[in-house]
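Peer 1: Fold the following.
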Amino acid sequence: MVPNLNEKLEWTTEDQRAVDTVRVLAADAVEKVGNGHPGTAMSLAPLAYLLHQKVMRHDPTDDRWAGRDRFILSPGHTSLTLYIQLFLSGYGLEMKDLEALRTWGSLTPGHPEYKHTKGVEITTGPLGQGLSSAVGFAYAQRRMRGMFDPEAPAGESPFDHTIYTIASDGDLEEGVTSEASSLAGHQQLGNLIVFYDQNQISIEDDTDVAFTEDVEKRYEAYGWDVRSVDWTNGGTGYSEDVEELYAQIRDAKAVTDKPTLIALKTVIGWPAPNKQNTGGIHGSALGGDEVKAVKEILDFDPDKSFQIEEDILSHTRQVQERSRQEREEWTKSFESWQGKNPEAASLYARLSQGELPENYKDSFPVFEAGSALATRAASGKVINAIAETFPELWGGSADLAGSNNTTIESADSFNPSARSTKKFTANPYGRVLHFGIREHAAAAIVNGIVLSSPTRAFSGTFLIFSDYQRPAIRLSALMGIPSIYVWTHDSIGLGEDGPTHQPVEQLSTLRAIPNLDVVRPGDANETAVAWRTILEQKERPAGLALTRQGLPTLAREDLHPEADGEKFASAEGTARGGYVLADTDAEPDVILIATGSEVELALEARETLSQDGVSARVVSMPCREWFDRQDASYRESVIPSGITARVAVEAGLPMSWNDLLGSTGRAVGLDHFGASADYKTLYKEFGITPEAVVEAAKESINASQG
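Peer 2: Residues are numbered from 1 along each chain as shown. Predicted coordinates:
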């Protein structure tokens with residue numbers, strides 16, 4: 001249920017005094033630490049105050065309340081725009097926290113950080129990420145409504161809420177917002193309202209040096225509802241018409257078939273007499289004299305800092321009473337829904353509590369030994385096998401569904417009904433996402449989905465294009481949220497497309513991102529266990545690196561007891577990141593460590609080495625990060641420290657393995673770009689073969705004995 005805004009705004013002298021207090025607190029906080037971004041926090045004080053005090057449904061006593069609207073500050077550098085509102089509303093920040101801005105251990109770091117400060121919905125560091133993820137927030141709201149309350153009239157479901165976002169000139173210059181905004185218009189996301197702070201100032205001063213397009217027409221072309229509020233009155237004088245802004249918000253909420261952009265023309269740093277409307281106030285302290293001048297203009301004591309009148313703080317904290325009443329109304333609506341929809345309510349409770357489905361392990365497929373199956377194909381089979389058991393799982397591809405195998409075949413596309421095509425049936429509450437060729441936005445949108453809902457979402461593309469996604473991937477790792485990336489065509493094994501499409505450095509560079517799990521399974525059953533393990537984890541993002549080419553499905557001792565030939569260890573070892581796949585009766589002379597398509601090469605090399613009297617252990621290590629989190633005794637049991645003859649086998653840069661190889665280990669991989677040819681030729685020509693592994697193993701044995 002979406003609260004209706006009053007026809008007329010009630011704006012008192014206390015409200016105006018509170019807004020002016022915000023301005024001087026922003027100036028004081030940056031002045032004290034000596035660095036930061038005061039200008040936007042000063043000029044956007046009326047907007048931020050209006051949203052938190054008069055417009056949004058939120059509960060300062062519970063920043064995770066499911067019924068809340070969402071507020072996203074995309075220009076995270078102006079963190080005080082949010083922090084001061086959290087202080088005024090009573091989220092837990094106090095004056096001492098504002099005084100500690102941007103200092104060690106404070107609750108007010110330079111950019112708002114998710115899980116660090118109550119009331120912060122998302123970490124918005126790099127410009128563009130906040131607005132782009134806000135589109136994901138809007139996706140999630142619609143999907144949740146579709147899962148739980150699809151028949152309710154618009155605005156009357158407890159799952160209805162609005163996403164409010166502030167964006168800057170810098171946000172709209174970043175390409176990722178173009179990708180995401182295009183999708184938002186295509187999706188007709190009427191639950192998204194974006195305020196474009198059109199102050200036309202950035203670090204290099206006037207944005208006319210680089211940014212002169214007509215943003216409003218651009219967003220009209222995207223299919224947005226576009227509105228304008230000009231507090232500069234065309235440059236003839238500055239007046240903050242809060243009533244007009246409120247009216248535009250009220251009218252925007254009535255538009256349910258388009259996202260809204262409200263272009264708000266402001267003067268950055270107003271009312272600083274000498275530095276307003278300059279790049280100097282964007283990212284620097286005002287200076288003592290300028291701060292005093294601001295205080296004199298606004299009728300504050302110029303000799304006092306971090307001051308707020310008790311009656312003003314008491315006035316702003318009254319928002320908690322409004323919040324309490326709105327929450328009571330929402331709770332009645334929610335409890336009524338629960339009573340009418342017991343099955344859906346049970347599912348909602350499970351998701352809200354972070355629980356997995358009952359007997360969920362039984363839904364994962366077991367693949368028969370012997371046949372060759374690409375891990376991308378196995379992944380697609382896993383997704384479809386578990387889709388009914390995991391209704392919270394949804395996702396899609398950046399125009400590569402057939403290659404990534406990311407389509408849930410039993411589900412409709414997540415699209416307005418009019419967007420149906422010959423191949424895909426559209427349903428605004430569908431599960432299959434189509435990002436188009438927008439890899440960067442796809443990752444940011446998935447971040448928004450998992451941040452704002454208990455669902456699990458994934459995006460698919462080729463591994464090489466993870467480079468386009470890296471800023472959003474890094475943020476998901478920084479926030480510790482369980483975004484899922486499906487990356488296929490994971491090596492030179494994709495073949496003829498050539499070096500532009502063949503990932504060489506991507507595995508190593510992705511593994512360099514802290515808190516990101518990079519998973520490269522070696523066969524179909526490892527792929528199934530990898531998916532299960534990813535869904536079991538809630539505090540980290542994960543990426544699956546999957547093959548284009550077919551890989552043999554290994555005979556496993558637990559899954560295929562009747563298969564001919566040697567039986568290999570259970571694929572359950574995948575969940576531990578690395579495990580002994582094939583061993584010797586005696587202590588091994590050398591350990592062969594492989595991932596993905598190269599596990600097959602290590603196993604072949606083991607056979608050859610055995611014929612030469614060399615005992616080799618093969619370790620499949622689909623995920624370095626999972627293995628590194630195992631206890632020391634387990635890691636030692638897999639790769640004993642006393643056995644220093646080791647070979648890493650992976651069709652990429654060897655740098656991921658240097659710590660395990662030491663000075664006597666050897667790597668069979670690539671330290672150069674690929675080429676255009678069939679994959680078998682490439683592996684042969686580039687020396688990634690069983691013969692090369694055998695040679696490297698013997699070299700390592702000699703080195704370890706020398």
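
Peer 1: For the residue sitting nearest the centre point of the chain, give its distance to residue 78.
Peer 2: When C-alpha atoms, centre = their mean is applied to the chain, the residue found nearest the centroid is residue 447 (2.5 Å). From residue 447 across to residue 78, the span is 21 Å (C-beta to C-beta, to the nearest Å). Where C-beta positions appear, they are placed from N, C-alpha and C, glycine not excepted.

Peer 1: Could you do residue 174 as well?
Peer 2: 16 Å.

Peer 1: hmm, back to that, mind checking which helix or strand the residue nearest to the centre of the chain is in?
Peer 2: Using DSSP states H and E, residue 447 falls within helix 439-452.

Peer 1: which stretches of the stretch 401-550 of the chain form helices?
Peer 2: 401-404, 439-452, 466-479, 506-511, 524-536 (DSSP state H, counting those that start in this stretch).

Peer 1: Including distance to residue 261, could the ones you listed go into JSON lines?
Peer 2: Below are the helices of the stretch 401-550 of the chain laid out as JSON lines (distance: least, C-beta to C-beta, whole Å):
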{"stretch": "helix 401-404", "distance to residue 261": "30"}
{"stretch": "helix 439-452", "distance to residue 261": "16"}
{"stretch": "helix 466-479", "distance to residue 261": "22"}
{"stretch": "helix 506-511", "distance to residue 261": "34"}
{"stretch": "helix 524-536", "distance to residue 261": "36"}
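
Peer 1: ranking those by burial, who's on top?
Peer 2: Highest mean neighbour count among the helices of the stretch 401-550 of the chain (mean count of other C-beta atoms under 10 Å): helix 439-452, with a mean of 29.

Peer 1: which strands and helices sit next to it?
Peer 2: When contacts are defined as 3 or more C-beta pairs under 8 Å, 6 or more residues apart in numbering; DSSP states H and E, helix 439-452 sits against helix 129-148, helix 175-187, strand 456-462, helix 466-479, strand 484-488.

Peer 1: Indicate each strand paired with the third one and its parallel or antiparallel sense.
Peer 2: Okay, so that is strand 456-462. strand 393-397 (parallel), strand 484-488 (parallel) (DSSP bridges).

Peer 1: With residue 624 as the reference, measure out to the spatially closest residue to residue 686 that is not a sequence neighbour.
Peer 2: Nearest non-adjacent residue to residue 686, counting by C-beta to C-beta, 6 or more residues apart in numbering: residue 670, 6.1 Å away. Distance, residue 670 to residue 624, by C-beta to C-beta: 18 Å.

Peer 1: With residue 525 instead?
Peer 2: 20 Å.

Peer 1: ok so, going back, out of residue 174 and residue 78, which sits in the busier spot?
Peer 2: residue 78 (30 against 21; other C-beta atoms under 10 Å).

Peer 1: Residue 643: neighbour count?
Peer 2: Neighbours of residue 643 (other C-beta under 10 Å): 15.

Peer 1: now do residue 700
Peer 2: 24.

Peer 1: for the helix or strand hosting it, packing partners?
Peer 2: If you go by DSSP H and E, residue 700 is part of helix 690-705. When contacts are defined as 3+ C-beta pairs under 8 Å, 6+ apart, helix 690-705 sits against strand 590-594, helix 599-611, strand 646-649, strand 666-668.

Peer 1: Now distance to residue 23, mean pLDDT and mean neighbour count too, for the ones you listed, in CSV please.
Peer 2: As requested, those are exported to CSV (distance: least, C-beta to C-beta, whole Å; pLDDT from 0 to 100; neighbours: other C-beta atoms under 10 Å):
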stretch, distance to residue 23, mean pLDDT, mean neighbour count
strand 590-594, 59, 98, 28
helix 599-611, 62, 98, 20
strand 646-649, 58, 98, 28
strand 666-668, 59, 98, 25
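
Peer 1: Could you export those as a markdown table, including distance to residue 99?
Peer 2: Listed next are those as a markdown table, based on distance: least, C-beta to C-beta, whole Å:
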| stretch | distance to residue 99 |
| --- | --- |
| strand 590-594 | 52 |
| helix 599-611 | 56 |
| strand 646-649 | 51 |
| strand 666-668 | 52 |
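
Peer 1: And residue 457, how far from residue 395?
Peer 2: Counting by C-beta to C-beta, the gap from residue 457 to residue 395 is 5 Å.
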